[in-house]
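Colleague: kindly generate the corresponding structure for this input.
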Amino acid sequence: MLSRRDLLVPRPPPISAEPPPVSLFRYRQTAMATGWEVVVPAAGTGQLELIDSAFELLHQIEARLTVYREDSEVSSLNRLAKGQATRVSPMLASLLERSVAWHCQTRGAFDIACGRMIKAWGFFRGPAGIPEASVLASQEKVNGMDKLEFQAESKVFTWKSPGVELNLGCVGKGFAVDEMASALSTKGSIPAGMIQCGGSSARAWGPCPGETEGWRVAVRHPWVEEKVIAEVVIKDAGIGTSAGSFRHLVHEGRRLPHVLDPRTARPAEGLATVTVLAPDAGMADALSTAFFVLGIGESAAILGQWPEVSALFMEDSGKISVIGQHSHRFHVCCS
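Modeller: Predicted coordinates:
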């Protein structure tokens, strides 16, 4: 079984008569329980130090955002009592502000205040299983971003209801990819490169050596190993994928994905995978999750809010659809 982490794979430039003028260098580390890779052309003697500092930034972000450590900033927010206000760090404030906007724009399909729901289904530490009816019935009270208050200007966070918990798994990796890319491209002055996280999130900037259109990434089939369903060209943009192949339940012959619909507290059904091309990886991650929940029809209805966003949908039946003004950047290999 493939995991969600295996679905995006960097593609080498196509073979041409003349080799690319610069070699690509790859640097890898592990964080957030998956592999991370920085791919850059040669950029001088200080390149390795810059990339090391970007990976250090990644580990700092993980320590702040993870729910798997009791001393993280997010875990401390999850322990707050109802009405207890606290000021959050600028880094987390930036992500919270964007998450509030995405929640509204996606009609509640994107929701980071679903930690209790994820635990109820066993998708936190396991084992995964169907919750009892009484547990499902109680989820509305302990999940949902309508139960938090965040004042962006003052960076003050407050729970309006007790027992609710944040879980940033649907956007944290993409956010970290963006922070690393910003550190390398702006502060680090590395003019071109790509960062990919575990085959589910990536961001590229600058020209890819040997390419004219951008950086190529393959989208793998969510269930069939080694099968590629599409190739995406990323040019100063990010990409994110959500799929039902990573942590799922089989119940009465149906595959129930780990992607939960925050509006119903039940798995989102009908789609096998969604890949989103967006201005940055955090947005791509958030929208790929929301679109997986919404389905093709409702996703298409709200896509006009983001003219720079396009998405590939693969239904459980195997049918593939691509929507958005930049759909030409998706080259479908099978349908």
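Colleague: centre of the chain to stretch 229-249, how far?
Modeller: Taking Cα atoms, centre = their mean, to the nearest Å, one finds the center of stretch 229-249 at 9 Å from the center of the full chain.
Colleague: do a quick rundown of the helices in the stretch 151-300 of the chain.
Modeller: Counting by DSSP state H, counting those that start in this stretch, the segments of the stretch 151-300 of the chain that form helices are 172-182, 281-302.
Colleague: any chance of the ones you listed in TSV, plus mean neighbour count?
Modeller: For the C-beta atoms, the positions are set from N, CA and C on the backbone; glycine is no exception. Shown next, in TSV, are the helices of the stretch 151-300 of the chain (neighbours: other Cβ atoms under 10 Å):
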stretch	mean neighbour count
helix 172-182	25
helix 281-302	24
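Colleague: out of these, flag the one nearest Phe123.
Modeller: Closest to Phe123 of the helices of the stretch 151-300 of the chain is helix 281-302 (Cβ to Cβ; 13.2 Å).
Colleague: what packs against the helix or strand following the closest one?
Modeller: Reading on from helix 281-302 to the C-terminus, the next helix or strand found by DSSP states H and E is strand 310-315. Contact partners of strand 310-315 among helices and strands, from 3 or more Cβ pairs under 8 Å, 6 or more residues apart in numbering; DSSP states H and E: strand 228-234, strand 271-278, helix 281-302, strand 320-324, strand 330-332.
Colleague: do that again at 6 Å, thanks
Modeller: When contacts are defined as 3 or more Cβ pairs under 6 Å, 6 or more residues apart in numbering; DSSP states H and E, strand 310-315 packs onto strand 271-278, strand 320-324.
Colleague: alpha carbons of it, as CSV, please.
Modeller: This file holds the C-alpha atoms of strand 310-315, laid out as CSV (Å, rounded to 0.1, in the frame of the first residue of the first chain):
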residue,chain,number,x,y,z
SER,A,310,-5.8,24.5,-10.4
ALA,A,311,-6.5,21.0,-9.3
LEU,A,312,-6.4,17.4,-10.5
PHE,A,313,-9.1,15.0,-9.2
MET,A,314,-9.0,11.2,-9.4
GLU,A,315,-12.3,9.6,-8.5
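Colleague: now tell me what touches it from outside.
Modeller: Here strand 310-315 makes contact (Cβ atoms under 6 Å, 6 or more residues apart in numbering) with 230, 271-277, 291, 296, 320-324, 326-327, 330.
Colleague: what about this structure, any weak spots by pLDDT?
Modeller: Low-confidence segments of the chain (pLDDT under 70): 1-22, 43-45, 187-188, 245-256, 334-335.
Colleague: could you check how far His59 is from Val322?
Modeller: His59 sits 36 Å away from Val322, going by Cβ to Cβ, to the nearest Å.
Colleague: more neighbours, these two?
Modeller: Val322 (20 against 13; other Cβ atoms under 10 Å).
Colleague: what sits against the more buried one?
Modeller: Residues near Val322 by Cβ under 6 Å, 6+ apart: 312, 330.
Colleague: count of neighbours near Ser72?
Modeller: By the measure other Cβ under 10 Å, the count of residues near Ser72 is 18.
Colleague: measure the closest residue to Asp285 other than its chain neighbours to Thr289 for me?
Modeller: Among residues not flanking Asp285 along the chain, Gly174 sits closest, at 3.2 Å (Cβ to Cβ, 6 or more residues apart in numbering). Gly174 is 10 Å from Thr289, where distance means Cβ to Cβ.
Colleague: how about Phe123?
Modeller: Relative to Thr289, and taking Cβ to Cβ, Phe123 is found at 13 Å.
Colleague: same check on Ser72?
Modeller: Distance from Ser72 to Thr289, by Cβ to Cβ: 21 Å.
Colleague: residue nearest the centroid of this structure?
Modeller: Asp285 (2.8 Å; Cα atoms, centre = their mean).
Colleague: am I right that it is in contact with Val171?
Modeller: Yes - between Asp285 and Val171 a contact is recorded at 4.9 Å, counting by Cβ atoms under 6 Å.
Colleague: who are the contact partners of Gly144?
Modeller: Gly144 neighbours (Cβ under 6 Å, 6+ apart): Ala113.
Colleague: any idea how many residues pack against Ser189?
Modeller: Using other Cβ under 10 Å, Ser189 has 11 neighbouring residues.
Colleague: what domains does the record give for this protein?
Modeller: The chain breaks down into these domains under automatic domain parsing: 4-28+196-332, 69-159.
Colleague: now Ala202: closest residue in space that isn't a chain neighbour?
Modeller: Gln196 is the one closest to Ala202 (Cβ to Cβ, 6+ apart), at 3.9 Å.
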